[in-house]
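K.L.:
this one's sequence-less:
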């Protein structure tokens, strides 16, 4: 008898949780769960009016998010400025102590440039950099353990395509993974799911740059053991996948606890403007 | 007059605090991620807010608005649209069920039930994301984030309790 009452109470509690509308509640949980499932099933429509509607809704939410986040972005920017100011004296002393022979470095640079041009003419190489790039403003900076991405203010209206490479100055930032009407999402190179084919110079070793969720460095997978790679070697995109152009500088090799990592040239915390290859 | 207006704004702010807070969390994707010993730690504040307010003061958070928060969260976090809504509504259902079954509520019970609730919700989330959408997500990271959220629940619960008290005081003062 007592067991039956207990079971009845249990059923009543479940029914009340899912079906009962509380004070000021317009919908029951059951109705909303069904609506959510229907909305989720719309994810299977990757084109047509559903996709257009989704794209516009995303644009609106991104714009709203941009305005709400603006005061916090301002605080973050000032925090980094303040941090830079605190380190100014240390950096000044460091630079002062370094013996730079600027004139000789300039001459060396000129020599390498002219030699590079001469060699390029000899092998009749095509220009690997796309000259057409689109400068875009970073609207949102979404950095959580699940996702390291940024939202930019250019979408398919501006000619942005899926998979396009994104750079800051000439350094690799990431690639476009989602394009909406007015905005796009970029998957940063440090995201856990980011795998970029790279080449390490001067050894010429090929590897896969694998994001580890860390803002400063990423790991290297499939690194050949016989190649001699040392700290300070430069890592470029290899272009083997046929999607990402080759020779975009990504970072330099660093060693942490006898393991090799790639320290990014780009500071992912302070991205304000990026250029998207068209 | 100005003081009375300020008082009114303050009162409305306190009254609508849970709603404003979850919308703020969803729009900004704020999760207080930090690195410690080469590991990334983050909290899911939305879970704690929804669980606490649905358990203690369900009239402050409409289910429809929680559904909307889920949609916004999905867009900001790049999840399939609708998945967070399902999670949050499941959490509401569990909190509502516990409310109906508990005669003598106390923080310790709430804390343990919160752990059970977020473990169920995270598992549902992981199952849908991996089985239906082939979404690349690490089970360990997801569960670890849920566990960290569980650890801070008592602190958040105390803060929310103080807000409820202030809200009650403002209502009674009227």
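P.N.:
Now that the structure is in, tell me what you want to look at. Keep in mind the model is a prediction, meaning the values are calculated, not measured. Numbers count the residues shown, from 1 in each chain, chains lettered A, B, ... in the order given.

K.L.:
Pull up the gap between residue B:60 and residue A:153, please.
P.N.:
Distance check for residue B:60 against residue A:153: by CB to CB, to the nearest Å, it reads 35 Å. Quick note: C-beta positions are derived from backbone N, CA and C, even for glycine.

K.L.:
Revised request: answer the last question for residue A:137.
P.N.:
For residue A:137 relative to residue A:153 (CB to CB), the value is 5 Å.

K.L.:
Mind checking which of these two has more residues around it?
P.N.:
For residue A:137 and residue A:153, the more surrounded residue by other CB atoms under 10 Å in any protein chain shown is residue A:153, and the numbers stand at 18 against 13.

K.L.:
who are the neighbours in contact with the more buried one?
P.N.:
Contact partners of residue A:153, counting by CB atoms under 8 Å, 6 or more residues apart in numbering or on different chains, are A:136, A:137, A:139, A:182, A:183.

K.L.:
Name all residues that make contact with residue A:138.
P.N.:
Residues near residue A:138 by CB under 8 Å, 6+ apart: A:150, A:151, A:152, A:271, A:272, A:273, A:274.

K.L.:
Got a ChimeraX select line for the buried ones in those residues?
P.N.:
Applied in ChimeraX, the following selects the buried portion of these according to 16 or more other CB atoms under 10 Å in any protein chain shown:
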select /A:150,151,152,271,274
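
K.L.:
Nearest to chain B, out of the contacts of residue A:138: which one, please.
P.N.:
Closest to chain B out of those is residue A:151 (8.6 Å), distances taken as CB to the nearest CB.

K.L.:
Quick check: nearest residue in space to the closest one, chain neighbours excluded?
P.N.:
Distances taken as CB to CB, 6 or more residues apart in numbering or on different chains put residue A:140 closest to residue A:151, at 4.0 Å, once the chain neighbours are dropped.

K.L.:
List the residues that contact the one you found.
P.N.:
Contacts for residue A:140 (CB under 8 Å, 6+ apart) come out as A:62, A:65, A:66, A:69, A:150, A:151, B:29, B:76.

K.L.:
tell me the contacts of the last one?
P.N.:
Okay, so that is residue B:76. Applying CB under 8 Å, 6+ apart, one finds that residue B:76 lies in contact with A:61, A:62, A:65, A:140, A:142, B:26, B:27, B:28, B:29.

K.L.:
which ones among those residues are found in strands?
P.N.:
Within these, residues falling in strands by DSSP state E are A:140, A:142.

K.L.:
And the contacts of residue B:76, which is the shakiest by pLDDT?
P.N.:
Within the set of the contacts of residue B:76, pLDDT is lowest for residue A:142 (72).

K.L.:
so where do the helices sit in chain B?
P.N.:
B:2-15, B:17-28, B:45-56, B:63-77, B:83-101, B:107-127, B:139-173 (DSSP state H).

K.L.:
can you pull the buried residues of the last one?
P.N.:
For helix B:139-173, the buried set under the neighbour-count rule, 16+ other CB under 10 Å, comprises B:141-142, B:144-146, B:149-150, B:153, B:156-157, B:160, B:163-164, B:167, B:170.

K.L.:
Could you work out the most separated pair of these?
P.N.:
B:141 and B:170 (40.5 Å; CB to CB).

K.L.:
before we move on, which element is the residue of the stretch 1-150 of chain A found nearest chain B in?
P.N.:
Closest to chain B within the stretch 1-150 of chain A is residue A:40: 3.2 Å, counting by CB to the nearest CB. Assessed by DSSP states H and E, residue A:40 sits inside helix A:29-41.

K.L.:
go on, residue A:253?
P.N.:
In this assignment (DSSP H and E), residue A:253 forms part of strand A:249-256.

K.L.:
Let me know which of the helices of chain B is the nearest to residue A:176.
P.N.:
helix B:63-77 (16.6 Å).

K.L.:
Give me the buried stretch members for that closest one, please.
P.N.:
Buried, per 16+ other CB under 10 Å, within helix B:63-77: B:63, B:66-77.

K.L.:
what does stretch A:226-246 give?
P.N.:
For stretch A:226-246, a neighbour-count test (16+ other CB under 10 Å) marks A:229, A:233, A:235, A:236, A:237, A:238, A:239, A:244 as buried.

K.L.:
cool, and stretch B:103-113?
P.N.:
Within stretch B:103-113, the residues that qualify as buried by neighbour count (16+ other CB under 10 Å) are B:110, B:113.

K.L.:
close to chain A, is that stretch?
P.N.:
No: using CB under 8 Å from any CB of the partner chain, stretch B:103-113 never reaches chain A; the gap is at least 11.2 Å.

K.L.:
Provide the contact partners of that stretch at residue level.
P.N.:
Stretch B:103-113 has contacts (CB under 8 Å, 6+ apart) with B:52, B:55, B:94, B:98, B:102, B:150, B:153, B:154, B:157.

K.L.:
Show the overlap between those and what lies near chain A.
P.N.:
Filtering the contacts of stretch B:103-113 for proximity to chain A by CB under 8 Å from any CB leaves residue B:94.

K.L.:
So which of the contacts of stretch B:103-113 is the closest to residue A:211?
P.N.:
Looking across the contacts of stretch B:103-113 and measuring by CB to CB, the closest to residue A:211 is residue B:150, at 27.4 Å.

K.L.:
quick one: contacts for the closest residue to chain A within chain B?
P.N.:
Closest residue of chain B to chain A, CB to the nearest CB: residue B:82 (3.2 Å). Counting by CB under 8 Å, 6+ apart, residue B:82 touches A:36, A:37, A:38, A:39, A:40, A:41, A:42, A:43, B:70, B:71, B:74.
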